[in-house]
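3D, please:
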Amino acid sequence: MAVTGRAGAAGEAGALTGYAMAPGAQVIEGALARDGGPLLRPGPHTYKDSVRPGERKHYTVELDGTSNAYVSAVAAPKPGSAMGPRDGIDVTLETPDGTPCGAGRHRTFLSAGGAYPVADYAERVPRAGSACAAAGTYRFVLERGDAAGGDGAAVPVELQYVTAPPGEEDPGGQGGPSSQGGTWASQAPRMPDGPGKAVTGGSGFNDAAEVGAGSWKDELRPGETRFYRVAVTAGRQLFARARFGAAPSGGASPYVSGGVRLGLNNTARGYVMNRTTGYQGKAAVVSLATPPAAYGGGVAVGDAVRGMRFAGWYYLQASLSPRAGSGTGASAAAAVPVTLDVDVAAARPAALAPKPVSGGVPAGEKGRDVRLRVIGYTGVGTGSALLAGLAGWTLVARRRSRRQGE
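I've put the predicted structure just below:
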């Protein structure tokens, strides 16, 4: 398993490393007018642009009449920058006449302690009679918020367009974990708590360091965000905990509300959840627990449930506020140790699992083809393997069983 991410030693002197765009990403410029805009193609294509405060940029996508479509944007402020309280990005996919294909998504730059990269997608799931069911030319809209009170510089953005065949999963809300009757475990059965194996997190989705169950030891400088990817198969929950150590001695440290963060995005770069807690130069812990991945049945409600609709890579992000380094002393901006504890476990309680699990294979499905089916997602990155034995970047989804009566 690879345990290295971005190049360079953690905590090295000099400028903080910013978000790493995909190698070979095509430079484009979104149109400010509604008509026109560069074409985004699905497949192994990644694009980069930038957006200024208040700008509304338009891009063109061609959709067929059957595939689910996800168009994502990653907006990455300069590490350590301070953003306005109303600053962030909105993403929407719409018809030529402006009818939205589902709800738009809004993500703010502002963690109470400072800015970090944010990402989400707009989606289209074709349904009979819906305004966005037909094949044709659609518009992806990226809008940035008001920078008043913060950094007004243009923010780099990375764009991707991903498609999936129908029937494998239903990200529009008709599939996914049920919101009716029950909750999922909020703690792992046995959370690891060891000293950790050394790892250097990546600076973005494209160079995220691969981690699995266990403890992983890294360092963050104030203003940094590190990325890690975890494989989550269908019916399993991801549990993660970031243990931030004490800041190096050298002076008083201010209390920073939301000073440390643990975030999560899915394999299509959709938002799942974000957890923060305060930091004052002393040890702090932030953790998260997800619903089961790619779980069928019921109505998907909430960001976390919708975000866990896939099986495949999930991207953890650990952030340390730039204000965490605003104390006095020579080591005020030095690296802070962080240990990332990860576990991926079968969903609990058992009543919520698709089938009782025996030896990793759902009971009643032995002898059947229960392998994860690689569905037709393309363009989720280049140059990396998704899961062992699978070449290239793909998304993974669980084949639904219509014969089990789930």
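
and the residue lying closest to residue 264 once chain neighbours are set aside, what does it touch?
Nearest non-adjacent residue to residue 264, counting by Cβ to Cβ, 6 or more residues apart in numbering: residue 272, 4.3 Å away. Every C-beta, even on glycine, is put in place using the N, C-alpha and C of the backbone. Residue 272 sits next to 264-266, 290, 303-304, 307-308, 314 when contact means Cβ atoms under 8 Å, 6 or more residues apart in numbering.

the strands in the stretch 101-250 of the chain, which residues?
Applying DSSP state E, counting those that start in this stretch to the stretch 101-250 of the chain gives strands spanning 105-108, 110-111, 114-115, 118-124, 136-144, 155-164, 197-198, 209-210, 214-220, 225-232, 236-244.

what's the burial count for the spatially closest residue to residue 247 that is not a sequence neighbour?
With Cβ to Cβ, 6+ apart as the criterion, residue 247 has its nearest non-adjacent residue at 3.9 Å, and that residue is residue 281. Neighbour count for residue 281, taken as other Cβ atoms under 10 Å: 24.

roughly how far apart are residue 281 and residue 220?
Separation of residue 281 from residue 220 (Cβ to Cβ, to the nearest Å): 13 Å.

rewinding a little: quick one: which of the contacts of residue 272 is nearest residue 233?
residue 314 (10.8 Å; Cβ to Cβ).

can you give me the buried ones in the helix or strand hosting residue 59?
For residue 59, the host element (DSSP states H and E) is strand 56-63. Neighbour counts over strand 56-63 (16 or more other Cβ atoms under 10 Å) mark 56-61, 63 as buried.

what angle separates that strand from strand 118-124?
Counting by axes from the mean of the first three to the mean of the last three Cα atoms, to 10 degrees, strand 56-63 lies at 50 degrees to strand 118-124.

report the separation between residue 49 and residue 194.
To residue 194, residue 49 is 42 Å away according to Cβ to Cβ.

out of these two, which sits in the more crowded spot?
When neighbours are counted by other Cβ under 10 Å, residue 49 comes out ahead of the other of residue 49 and residue 194, with 21 against 11.

what kind of secondary structure is the residue lying closest to residue 158 once chain neighbours are set aside in?
Counting by Cβ to Cβ, 6+ apart, residue 158 lies nearest to residue 74, which is 4.3 Å off, once chain neighbours are set aside. At residue 74 the chain is in strand, as set by DSSP: H, G, I helix; E, B strand; the rest coil.

tally of neighbours for residue 74?
26.

contact partners for it?
19, 117-119, 157-159, 204-205, 269.

please apply the same query to residue 49.
Applying Cβ under 8 Å, 6+ apart, we find residue 49 in contact with 27-30, 57, 142, 156-157, 159.

same thing but 7 Å
Residue 49 makes contact with 28-30, 57, 157, 159 under the criterion Cβ atoms under 7 Å, 6 or more residues apart in numbering.

where does the stretch 101-250 of the chain have low pLDDT?
Where the stretch 101-250 of the chain drops to pLDDT under 70, the residues are 111-113, 167-183, 249-250.

dump the contacts of residue 74 to a markdown table, plus distance to residue 252 and neighbour count.
Listed next are the contacts of residue 74 as a markdown table, based on distance: Cβ to Cβ, whole Å; neighbours: other Cβ atoms under 10 Å:
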| residue | distance to residue 252 | neighbour count |
| --- | --- | --- |
| 19 | 31 | 25 |
| 117 | 29 | 25 |
| 118 | 31 | 24 |
| 119 | 35 | 28 |
| 157 | 38 | 24 |
| 158 | 38 | 24 |
| 159 | 43 | 26 |
| 204 | 33 | 25 |
| 205 | 36 | 27 |
| 269 | 39 | 22 |
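
tell me the pLDDT of the residue nearest to residue 158.
On the pLDDT scale, residue 74 is placed at 98.

cool, and residue 99?
93.

wait, a strand at residue 292?
No - secondary structure of residue 292 (three-state DSSP): coil, not part of a strand.

give me the number of residues near it?
26.

re the thing from before, okay if I get the strands of the stretch 101-250 of the chain as TSV plus distance to residue 319?
Formatted as TSV, these follow (distance: least, Cβ to Cβ, whole Å):
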stretch	distance to residue 319
strand 105-108	14
strand 110-111	7
strand 114-115	8
strand 118-124	11
strand 136-144	20
strand 155-164	16
strand 197-198	20
strand 209-210	15
strand 214-220	7
strand 225-232	4
strand 236-244	9
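
can you tell me which of these is nearest to residue 37?
Evaluated over those, closeness to residue 37 peaks at strand 136-144, with 6.8 Å, by Cβ to Cβ.

give the other helices and strands that that closest one contacts.
strand 56-63, strand 88-94 (3 or more Cβ pairs under 7 Å, 6 or more residues apart in numbering; DSSP states H and E).

please repeat the previous calculation with a cut-off of 8 Å.
Where contact means 3 or more Cβ pairs under 8 Å, 6 or more residues apart in numbering; DSSP states H and E, strand 136-144 is packed against strand 47-51, strand 56-63, strand 68-75, strand 88-94, strand 118-124, strand 155-164.

who's in contact with the residue nearest the centre of the chain?
For the chain, the residue nearest the mean C-alpha position is residue 265 (1.6 Å; Cα atoms, centre = their mean). Contact analysis of residue 265 by Cβ under 8 Å, 6+ apart lists 119-120, 205, 271-272, 307, 314-315, 317.

so residue 80 touches residue 223, yeah?
Yes - taking Cβ atoms under 8 Å as the definition, residue 80 is a contact partner of residue 223 at 3.4 Å.

anything in contact with each of those two?
Taking Cβ under 8 Å, 6+ apart as the criterion, residue 80 and residue 223 both touch 16, 114, 322.
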